[in-house]
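Asker: Show me how the following folds:
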Amino acid sequence: MNALTKQEVQLPALAINEQELLTVLENSLYPGAQKESIKLVIGYCKAAGLDPMQKPVHIVPIWDSKSGRMRDVVMPGVGLYRTQASRSGQYAGVSEPEYGPDVTKTLGGQEITFPAWCRVTVKRLLSNGQTAEFSASERWEENYAVKGGQAKSVAPNAMWTRRPYAQLAKCAEAQALRKAFPELGSAPTADEMEGKEIDMGAAEVIRDEPKELPPYPAEQMAKNLPVWTEMMHTGKKTAVQIIAMVSSKYTLSPSQVAAIRDAGVVVEQAPEVGPFVAEMESAEREVA
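Answerer: Down below sits the predicted model:
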């Protein structure tokens, strides 16, 4: 059975009226959360065949730098990854966390002692009967969640201050589970993302719209057109080059563009001919 296989079981929590379930979750597992966020949890669980009463996912307030506010995001917990790995029938256990040396630092005016790193190994039973091990190492300073707030404090938040070892172990285990069971997906867990910013990714970067350029002043047009005409007639500039030059700072009207193009047209004069040639051409026209 695949780790993401939906369990064909009847879940009592999903069988009751959604409004009743919403009330139960709001007053038990997700107190204080917005109703819209809890509805997302219910939808997530329905789609994945999960029991929302077991709290397989978490509602994590995450700073959205794009909108400049906190946003509730529904994220899986490390417990969900464990459940999905177990459902695959190939989960062969996980090692005890292995920690690096203790480090004591002052972060945001707060002194804290934490493990430099943590390593966790997840075992998976392969189809050939062998057991493969997948290890993941995570560094504390790369994972801890900051207090943030208006002061933008870089001190660890309450959870990472109280449980510096256990929180890092969850991050390492989640990474090891993803390596051992890539079919779980690549979504980070709530333990990894709590207190962090939403990363929209390069594909989601919103670039500033180009600013509208001011119209080219009529007085400047009248002053510069003779100069440009001379430049075009002497071959120093073309009409296209002048239009591009002005358009980099101003917006030319259609009539101004037409005036520059017309000024660049050189009217070729017919060459003068002698009386004999003129007489011959006149005679040819009469014959024709």
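
Asker: Next, count neighbours for K170.
Answerer: Residues contacting K170 under the criterion other CB atoms under 10 Å number 22. Every residue, glycine included, has its C-beta placed from N, CA and C.

Asker: for the spatially closest residue to it that is not a sequence neighbour, helix, strand, or coil?
Answerer: In space, and not counting its chain neighbours, K170 is closest to D191: 4.1 Å by CB to CB, 6 or more residues apart in numbering. Look at D191: counting by DSSP: H, G, I helix; E, B strand; the rest coil, its state is helix.

Asker: neighbours around D191, how many?
Answerer: D191 has 24 neighbouring residues, counting by other CB under 10 Å.

Asker: tell me the strands in the protein, going along the chain?
Answerer: Ranges of strands within the chain are 57-64, 69-76, 91-94, 98-99, 102-107, 110-115, 117-125, 131-139, 146-148, 153-156, based on DSSP state E.

Asker: what's the third one packed up against?
Answerer: Meaning strand 91-94. Applying 3 or more CB pairs under 8 Å, 6 or more residues apart in numbering; DSSP states H and E, we find strand 91-94 packed against strand 117-125, helix 164-180.

Asker: Quick check, E212 in contact with Y250.
Answerer: No: if you go by CB atoms under 8 Å, E212 and Y250 don't touch, sitting 10.8 Å apart.

Asker: Compare these two (neighbour count), which wins?
Answerer: Set side by side, E212 and Y250 show more neighbours around Y250, with 16 against 7, by other CB under 10 Å.

Asker: Below-threshold pLDDT in the chain: ranges please.
Answerer: Within the chain, the segments meeting pLDDT under 70 span 1-13, 63-65, 67-68, 149-150, 194-211, 266-288.

Asker: Which residue ranges make up the domains of the protein?
Answerer: For the chain, the structural domains run 12-201, 218-262, going by automatic domain parsing.

Asker: Would you tell me which one of these is buried the most?
Answerer: domain 12-201 (a mean of 16; mean count of other CB atoms under 10 Å).

Asker: re earlier: R82: which of the strands of the chain is closest?
Answerer: Closest approach to R82 among those (CB to CB): strand 91-94, 7.8 Å.

Asker: contacting residues around the residue nearest to K170?
Answerer: Contacts for D191 (CB atoms under 8 Å, 6 or more residues apart in numbering) come out as 77-78, 167, 170-171, 174.

Asker: okay if I get the helices and strands packed on strand 91-94 as TSV plus distance to E26?
Answerer: Shown next, in TSV, are those (distance: least, CB to CB, whole Å):
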stretch	distance to E26
strand 117-125	34
helix 164-180	26
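
Asker: Good, wrapping up.
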